[in-house]
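Chemist: output the structure for:
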Amino acid sequence: MTFVVSGVSTVLALGVTDEVLARWPVAWAMSWLIAFPTVLVVLPIVRRLVGRFVEAH
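Modeler: Numbers count the residues shown, from 1 in each chain. You can find the predicted model right below:
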């Protein structure tokens, strides 16, 4: 997901140019470094919230 989102964001920011190929991997690495720890922190919180509203089977 971070690969696709960073690619779209990079193309929107720079346009379809050769520079995208140089900058996209850097954007992807940075977005992954932010997204992965965020998921580790947020996922348990979201699971608890959903558990309060949804009956377990």
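
Chemist: so the closest residue to residue 23 other than its chain neighbours: helix, strand or coil?
Modeler: Leaving aside its sequence neighbours, residue 23 sits nearest to residue 10 (C-beta to C-beta, 6 or more residues apart in numbering; 5.6 Å). Placement of C-beta: from N, CA and C, glycine included. Three-state assignment for residue 10 (DSSP: H, G, I helix; E, B strand; the rest coil): helix.

Chemist: which strands or helices does the helix or strand that contains residue 31 pack on?
Modeler: Per DSSP states H and E: residue 31 is located in helix 18-53. Using 3 or more C-beta pairs under 8 Å, 6 or more residues apart in numbering; DSSP states H and E as the contact test, the elements touching helix 18-53 are helix 2-14.

Chemist: avg pLDDT for the helix it packs on?
Modeler: What helix 2-14 shows for mean pLDDT is 94.

Chemist: so which elements touch that helix?
Modeler: helix 18-53.

Chemist: ok now the helix it packs on, how far from the chain's centre?
Modeler: 4 Å (C-alpha atoms, centre = their mean, to the nearest Å).

Chemist: buried ones in it, by neighbour count?
Modeler: For helix 18-53, the neighbour count (16 or more other C-beta atoms under 10 Å) marks 24, 27-28, 31 as buried.

Chemist: sorry, back to before: does the residue nearest to residue 23 touch residue 30 like I think?
Modeler: No. With contact defined as C-beta atoms under 8 Å, residue 10 does not reach residue 30; the gap is 10.8 Å.

Chemist: what about the chain, any weak spots by pLDDT?
Modeler: Judged by pLDDT under 70, the chain has no weakly predicted residues.

Chemist: show me the contacts for the residue nearest to residue 23.
Modeler: 20, 23-24, 27 (C-beta atoms under 8 Å, 6 or more residues apart in numbering).

Chemist: from residue 55, how far off is it?
Modeler: 43 Å (C-beta to C-beta, to the nearest Å).
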